[in-house]
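> Sequence first, then the predicted structure:
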Amino acid sequence: MSAITRDEVAHLARLSRLALADTELDHYAAQLDVIIGAVARVAEVATDDVPPSSHALQLTNVYRPDEARPSLTPQQALAAAPAVEDDRFRVPRILGEEA
Amino acid sequence: MSLTRKTAAELGALVASGEVSAVEVTQAHLDRIAEVDPKVNAFLHVAAESALEQARAVDARRAAGEELGPLAGVPIAHKDVFTTTDMPTTAGSKILEGYRPPYDATVTARLREAGLVILGKTNLDEFAMGSSTENSAYGPTRNPWDLGRIPGGSSGGSSAAVASYQAPLSTGTDTGGSIRQPAAVTGIVGMKPTYGGSSRYGVIAFASSLDTPGPFARNVLDAALLHEAFSGHDVMDTTSIHAEVPPVAEAARRGDVAGLRVGVVKEFGGEGYQPGVLARFHEAVDLLESLGAKVVEVSCPSFTYALPAYYLIAPSEASSNLARFDGMRYGLRAGDDGTRSAEEVMALTRAEGFGSEVKRRIMIGTYALSSGYYDAYYGSAQKVRTLISRDFDAAFHQVDVLVSPTTPTTAFPIGERADDPMAMYLADLCTIPANLAGNAAISVPCGLAEEDGLPVGFQIMAPVLGDERCYRVGAAMEKAFEDRWGGSLLSQAPTL
């Protein structure tokens, strides 16, 4: 398995939406390298004849009746929002300048 | 005897009979919190007023002739990962500082229905990621046995609160050992129910296929009473099991092991284990044998792969679950100065709001799930999960319960493993298999390690929905040990 590089951490941070400082990248690269190196052992016993389990219980498609039920009011739903406008969540711009 | 030294069952009986009011019981615990929590830091939030109000309501119901449940009027400390409408819910993270959820977790709602008095919210490793409570954004909790040591984690505030008599009961969540390990290192009882036996609705998600709410208490019966109070099917949790709650309180009262087949897990012991932990563990196994259990050694070869599988599966699920903390709908928002895009604000918010362990796990999970690495890492870990379930199935054909030390060592000093994530992860070595397979498992105290005088935990694992076996064996052991010690292990703890 390849070692985790500084560039790889920068890529993972971008995918994870974490604005890491340059100084943090080396620190995380070293730690992630040790951790990933240690957990890679799972490949030793994960042979083709073993089926994967995503879950401890083998439950499939749990349904409930499609009935209207009480839910949060707009005021309750918005109560903890960082910014609100006209009964909606106010967010920073989503599209680029050119859009 | 002081009210704070009594068991939950005793307090419930005193309140039900009217000998003591729920308000008196609550006030005694609030006084204890004021006295010792400045040293322990178990609570992130103490809700004195609302606790007294809940207690008055219980006293009013009793005065009106209503028959109260076994835990009505009994105070409880609630892990700050369960949502509560009337108290902040932070998950130990800066990203949720001051957050007030708009709904109660099912466990919270059931505590209220049972008349339990919620004293406040307890400290934890941020988003329940950790084994020491050092990863909390609000400072570490300290172990009542030695204030320089960790109380375990992630539910370290809950373990420390019960071990320091600030509450007779507390709640926890166990994803890789986060109830059993803190119980072990603070000398109390902690139970991880069968996955799906207790509701995850309103539990701030870490790894959804593993997260399991469960009880802490100072004895086995109290843990069983709390287990019964908040467990059972919940329509709001699609992974909740449609089955009766196993008869755990009855099992805790019965507490005999005659004829029971006990399997000692061969893979858990030896190198990396503290000698004093192993000595107390083997002594406890001998005790069970003397009580009539049939003890055999059982090999579960895949268990040695449980730790690496867990540290792929849990971070993978976490990387997905924690995507919701984006600074848009609740919680912290950073860097929104009108010039930055939503994506930039999200990245700044998460960088500022998450601590380093959470960032590490999000990135490990992102790595394990990324194309090109998925099969080798996440895919292989899921296959190990199958192998671990098969080992449990084979073992439970030979024995009724499996036993091991709960943790390889006693409580370590605060700061000792903070810069070494792999050393920290080893604390969960013996507890993880039950999470991966969904089994029931409990930790009960089995003595003090000779070299440091700190508590050692004994883990009892039972099949899925066999939770009562954990309590049956735990209660038998507890009784025999307390006869030998002349009281609970915790009564040997230093005075705070």
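Perfect, thanks for sending it. Numbers count the residues shown, from 1 in each chain, chains lettered A, B, ... in the order given.
> Give me the neighbour count for the closest residue to chain B within chain A.
Nearest residue of chain A to chain B (Cβ to the nearest Cβ) works out as residue A:56 at 2.6 Å. Just so you know, the C-beta spots here come from the backbone N, C-alpha and C atoms, and that holds for glycine as well. Counted with other Cβ atoms under 10 Å in any protein chain shown, the neighbours of residue A:56 add up to 23.
> And for residue B:247?
Using other Cβ under 10 Å, residue B:247 has 16 neighbouring residues.
> what sits against whatever residue of the stretch 301-450 of chain B ends up closest to chain A?
Residue nearest to chain A within the stretch 301-450 of chain B: residue B:438 (2.6 Å; Cβ to the nearest Cβ). Contacts here follow Cβ atoms under 8 Å, 6 or more residues apart in numbering or on different chains; on that basis residue B:438 touches A:55, A:56, A:57, B:194, B:195, B:196, B:389, B:464.
> What distance do you get for the fourth one to residue B:469?
When distance is defined by Cβ to Cβ, to the nearest Å, residue B:194 is 11 Å away from residue B:469.
> Is it correct that residue B:285 falls within a helix?
Yes. Assessed by DSSP: H, G, I helix; E, B strand; the rest coil, residue B:285 belongs to a helix.
> Number of residues surrounding it?
Residues lying near residue B:285 (other Cβ under 10 Å) number 20.
> Surely it and residue B:265 touch.
No. With contact defined as Cβ atoms under 8 Å, residue B:285 does not count as touching residue B:265 (11.0 Å).
> intersection of neighbour lists for the two?
Residues within reach of residue B:285 and of residue B:265 at once, by Cβ under 8 Å, 6+ apart, are residue B:403.
> How about the contacts made by the one residue sitting closest to the centre of chain A?
Compute the mean C-alpha point of chain A, and by Cα atoms, centre = their mean the closest residue is residue A:16, 6.4 Å away. Contacts for residue A:16 (Cβ under 8 Å, 6+ apart) come out as B:319, B:350, B:359, B:362, B:363, B:366.
> all strands in chain B, in order from the N-terminus.
All strands of chain B, identified by DSSP state E, fall at B:43-46, B:75-79, B:117-122, B:169-174, B:189-192, B:212-217, B:261-265, B:294-298, B:401-405, B:440-448, B:455-462.
> Any idea which of the ones you listed gets closest to chain A?
Closest among these, once you apply Cβ to the nearest Cβ, is strand B:212-217, at 9.5 Å.
> I'd like to check what contacts that closest one. Which residues are they?
Outside strand B:212-217, the residues that touch it by Cβ under 8 Å, 6+ apart are B:7-8, B:82, B:107, B:155, B:158-159, B:162, B:168-175, B:179, B:182-183, B:188-195, B:197-200, B:203, B:222-227, B:230, B:435.
> among these, which are in helices?
Among those, the members falling in helices are B:8, B:107, B:158-159, B:162, B:182-183, B:222-227, B:230, B:435 (criterion: DSSP state H).
> Residue B:127 contacts residue B:92, correct?
Yes. Under the criterion of Cβ under 8 Å, residue B:127 makes contact with residue B:92 at 7.0 Å.
> What is the burial count for residue B:17?
Look at residue B:17: counted by other Cβ under 10 Å, it has 10 neighbours.
> Check the one 10 residues further on too.
The criterion is other Cβ under 10 Å. On that basis, residue B:27 has 17 neighbouring residues.
> Equivalent analysis for residue B:286, please.
The burial count for residue B:286: 11, using other Cβ under 10 Å.
> all helices in chain A, in order from the N-terminus.
Using DSSP H, the helices of chain A run over residues A:6-15, A:22-39, A:74-78.
> Serialize those to CSV and add fields for mean neighbour count.
Formatted as CSV, these follow (neighbours: other Cβ atoms under 10 Å in any protein chain shown):
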stretch, mean neighbour count
helix A:6-15, 18
helix A:22-39, 17
helix A:74-78, 14
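> okay, those helices in JSON lines with mean pLDDT next?
Shown next, in JSON lines, are these (pLDDT from 0 to 100):
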{"stretch": "helix A:6-15", "mean pLDDT": "97"}
{"stretch": "helix A:22-39", "mean pLDDT": "94"}
{"stretch": "helix A:74-78", "mean pLDDT": "95"}
